[in-house]
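Peer 1: For reference, the sequence and a predicted model appear below.
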Amino acid sequence: MIDINFNKNDDAMRLSLSQLRTRLDKIRLGGGKKAVEKQQEKKKLTPHQRIQYLIDQDSEFIEIGAFAGYEMYEEYGGCPAGGTVAGVGYVSGRQCVIVANDQTVKAGAWFPITGKKNLRMQEIAMENRLPIIYLVDSAGVFLPLQDEIFPDKEHFGRIFRNNARMSAMGITQIAAVMGACVAGGAYLPIMSDETLMVNGNGSIFLAGSYLVKAAIGEDIDNETLGGATTHTEISGIADYKFDTEQECLDRIKKIISKLGNPQISPFDRILPHPPVKKIEEIYGIMPSDPSKAYDMLEIIGRIVDRSEFDEFKEDYGKTILCGYARIEGWAVGIVANQRKIVKSKKGEMQMGGVIYNDSADKAARFIMNCNQKKIPLVFLQDVTGFMVGSRSEHSGIIKDGAKLVNAVANSVVPKITIIIGNSYGAGNYAMCGKAYDPRFIHAWPSARIAVMGGEQAARTLLQIQVSSMKAQGKSVSVEEENKLLDEIKGRYLKQTAPYYAAARLWVDAIIDPVETRKYIAEGIKAASHQGHLEEFKTGVIQV
């Protein structure tokens, strides 16, 4: 029997994925074909080519922040991928964080989003105790926006603070200078454990030859001022020099191959098994209309090993599903919003995707259990918020919600969040949104992130605007109201789209739903390098 809705959903998801790939292909051109050709004329690889040469063949590379800066900085010609290609990949068998400046984008200059992306990559290295490799090729801060990148706590200077902190933590940092490394940026390679330079292209200096001339009147060329020969033979700043980028990258592989073994993982893993249910059926199950209900258990059954999910408190708090499973062999605890309409313990019908008192209470208890057992947590978000109204308020919905938020905030096991549908209001927080430090947070193309749903927000904003116009003595016809509503809705929906979130690094990546298992497993693998976990404490909770 043909399921029309299933086919409609499948078509919509495949179209979204096609658009995703098209946009990624454009982003990966960096500054464009001409800029890439100039790079090649200097015998320089693009950042993607450098990373592909560096990582192990046939290994996974999880790119982070590919959409950073998407449709931002248009007045400056854009900043594809934030002018930096970055992610987590395997080098000589070791999982590493890799950050590569893209010289084809404004000479690798740092935009505000570039700084945010680089800090995110350092955060991943610090939280998961992963070695980090910097492939440096940057002209420094993008001067027209210097006030948004230079002086604040989460700006450019924080990177060097993190260099120092990671060094104290024993996290390996390797810097390969393959192009310019100017001004404040010159501190990054020198604060790394080892510095490699490519002869003829790599240079490190606080001020280039033009600025030196202007500042002190000295005539000198950039190569003599701060080239590879200068820094390996005279200043002693760099440790190695190479004639080609390939030789430089080969040496990085050798360095990484000799690192000591990381601490033993505190998380359980056995031989992985694929789901019994067909993974591709996710496309047809996930509604193209975000307001439509569906059974989250059907999604979970296509993500977890053998499609086995051991549900916790199955008959209580039914609008949040909690349970134990394995993903690529890793033991996980899953917290997921149930989107179908369910019946409560009192026989009342409860809306799917809404967090009620009992579901918040159940999820908080389950999260505490996972921390007790050292089981990583996976959050599958499709949440419209907490239940409102007198019945919920009188039952203490704020108290139960606070209990859940407290458990999420204080959780010490790794948390990985996948936003598959709606992510609205306080539901985003309770289900481990970006503010609650998930180790990794990814979104499906069907994700929507906002303080409330588009329809409700648009009508609220419309009422405010119409009231303001009427207060000014202006009459507003029904046609004008509808036109205003459409304009507000269009603007609001654009801001709730996953691309808007990914551009600002609210999520690390927009992913194909069928690759969800891979992203979760690689995230837990990264977290397994952490070794010792802190003691789990929740502080004061109202019961």
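Peer 2: Okay, I see it.

Peer 1: use CA for all of it now, contacts and neighbours both
Peer 2: Fine.

Peer 1: list the contacts for residue 293?
Peer 2: Contacts here follow CA atoms under 8 Å, 6 or more residues apart in numbering; on that basis residue 293 touches 287, 339, 340, 341, 352.

Peer 1: Residue 430 versus that one, what's the distance?
Peer 2: 21 Å (CA to CA, to the nearest Å).

Peer 1: that older thread, compile the contacts of residue 293 into TSV and extend it with columns for neighbour count, distance to residue 229 and pLDDT.
Peer 2: Written out in TSV, the entries for the contacts of residue 293 read as follows (neighbours: other CA atoms under 10 Å; distance: CA to CA, whole Å; pLDDT from 0 to 100):
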residue	neighbour count	distance to residue 229	pLDDT
287	21	60	96
339	26	63	93
340	18	66	90
341	17	69	86
352	25	65	81
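
Peer 1: now the residues you listed as TSV including distance to residue 209 and secondary structure?
Peer 2: Conversion of these to TSV gives the following (distance: CA to CA, whole Å; DSSP: H, G, I helix; E, B strand; the rest coil):
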residue	distance to residue 209	secondary structure
287	59	coil
339	62	coil
340	66	coil
341	68	coil
352	64	coil
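
Peer 1: Spatially, which two of these are the most separated?
Peer 2: Among the contacts of residue 293, the pair separated by the greatest distance (CA to CA) is 287 and 341, at 14.7 Å.

Peer 1: Residues in contact with the helix or strand of the chain with the lowest mean pLDDT: which ones?
Peer 2: Counting by mean pLDDT, DSSP states H and E, the chain has its least confident helix or strand at helix 454-471, which shows a mean of 74. Helix 454-471 is contacted by residues 475, 476, 481, 484, 485, 488, 489, 492, 493, 496 when judged by CA under 8 Å, 6+ apart.

Peer 1: So which of the residues you listed sit within strands?
Peer 2: Using DSSP state E, no member of those falls in strands.

Peer 1: Now, of these, which are buried?
Peer 2: When burial is judged by neighbour count using 16 or more other CA atoms under 10 Å, the buried members of the contacts of helix 454-471 are 484, 485, 488, 489, 492, 493, 496.

Peer 1: Specify which member of those residues is nearest to residue 265.
Peer 2: The shortest gap between residue 265 and any of the buried ones among the contacts of helix 454-471 belongs to residue 496, at 37.2 Å (CA to CA).

Peer 1: Quick check: most distant residue from the centroid of this protein.
Peer 2: Summary for the chain: using CA atoms, centre = their mean, the residue whose C-alpha lies farthest from the chain's mean C-alpha position is residue 473, with a distance of 47.5 Å.

Peer 1: so how far is residue 466 from that one?
Peer 2: Applying CA to CA to residue 473 and residue 466 gives a distance of 11 Å.

Peer 1: For the lengthiest helix in the chain, buried residues please.
Peer 2: In the chain, ranked by residue count with DSSP state H as the criterion, the top helix is helix 4-27. Buried positions in helix 4-27, judged by neighbour count with 16+ other CA under 10 Å: 6, 9, 10, 12, 13, 16, 17, 20, 27.

Peer 1: Going along the chain, name the helices of the stretch 251-400 of the chain.
Peer 2: Taking DSSP state H, counting those that start in this stretch as the criterion, the stretch 251-400 of the chain contains helices spanning 282-285, 296-300, 357-373, 390-394, 397-410.

Peer 1: among those, where is the model least confident on average?
Peer 2: Between the helices of the stretch 251-400 of the chain, the lowest average pLDDT goes to helix 390-394, which shows a mean of 84.

Peer 1: Using PDB, list the CA coordinates for that one.
Peer 2: Written as PDB, here are the backbone C-alpha positions of helix 390-394 (Å, rounded to 0.1, in the frame of the first residue of the first chain):
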ATOM      1  CA  SER A 390      -3.200  27.300  35.000                       C
ATOM      2  CA  ARG A 391      -3.200  23.600  35.400                       C
ATOM      3  CA  SER A 392       0.500  23.300  34.600                       C
ATOM      4  CA  GLU A 393       1.400  26.400  36.600                       C
ATOM      5  CA  HIS A 394      -0.500  25.100  39.600                       C
END
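
Peer 1: what about residue 206, how many neighbours?
Peer 2: 15 (other CA atoms under 10 Å).

Peer 1: ugh, wrong one, I meant residue 343
Peer 2: Applying other CA under 10 Å, I find that residue 343 has 16 neighbouring residues.

Peer 1: Enumerate every residue touching it.
Peer 2: Each residue near residue 343 by CA under 8 Å, 6+ apart is listed here: 318, 349, 350.

Peer 1: can you check residue 502 too?
Peer 2: With contact set as CA under 8 Å, 6+ apart, residue 502 has these partners: 65, 67, 68, 70, 508, 509, 510.

Peer 1: Which of the buried ones among the contacts of helix 454-471 sits closest to residue 446?
Peer 2: residue 496 (10.6 Å).

Peer 1: what pLDDT does the closest residue to residue 277 other than its chain neighbours get?
Peer 2: Once its chain neighbours are removed from consideration, residue 277 has its nearest residue in residue 302; the separation is 5.5 Å (CA to CA, 6 or more residues apart in numbering). Listed pLDDT for residue 302 reads 98.

Peer 1: distance of residue 302 from residue 312?
Peer 2: Counting by CA to CA, the gap from residue 302 to residue 312 is 19 Å.

Peer 1: higher neighbour count, these two?
Peer 2: When residue 302 is set against residue 312 and neighbours are counted by other CA under 10 Å, the residue ahead is residue 302, at 24 against 18.

Peer 1: these two touch, right, the more buried one and residue 273?
Peer 2: No - using CA atoms under 8 Å, residue 302 is not in contact with residue 273; the gap is 11.8 Å.

Peer 1: Specify the local secondary structure of residue 97.
Peer 2: At residue 97 the chain is in strand, as set by DSSP: H, G, I helix; E, B strand; the rest coil.

Peer 1: ok, now which ones touch it?
Peer 2: Contact analysis of residue 97 by CA under 8 Å, 6+ apart lists 86, 87, 88, 89, 121, 124, 125, 130, 131, 132, 133.

Peer 1: For my notes, confirm the last one occurs in a strand.
Peer 2: Yes - secondary structure of residue 133, determined by three-state DSSP: located in a strand.

Peer 1: Bridge partners for it, pull those for me.
Peer 2: Beta-bridge pairing for residue 133 (DSSP bridges): residue 98, residue 174.

Peer 1: Show me where this structure dips below the pLDDT cut-off.
Peer 2: Confidence mapping of the chain against pLDDT under 70 gives the ranges 1-2, 454-455, 457-458.

Peer 1: how near is residue 429 to residue 314?
Peer 2: Summarising the geometry, the distance separating residue 429 from residue 314, computed by CA to CA, is 23 Å.

Peer 1: Please, where are all the strands along the stretch 151-300 of the chain?
Peer 2: Residue ranges of the strands in the stretch 151-300 of the chain, as given by DSSP state E, counting those that start in this stretch, are 173-182, 194-198, 203-205, 240-242.

Peer 1: which strands and helices sit next to the third one?
Peer 2: The elements that strand 203-205 packs onto, with contact taken as 3 or more CA pairs under 8 Å, 6 or more residues apart in numbering; DSSP states H and E, are strand 173-182, helix 222-226.

Peer 1: ok so, going back, ok, of the contacts of residue 502, which one's closest to residue 261?
Peer 2: Proximity of those to residue 261 (CA to CA) peaks at residue 508, which lies at 27.5 Å.
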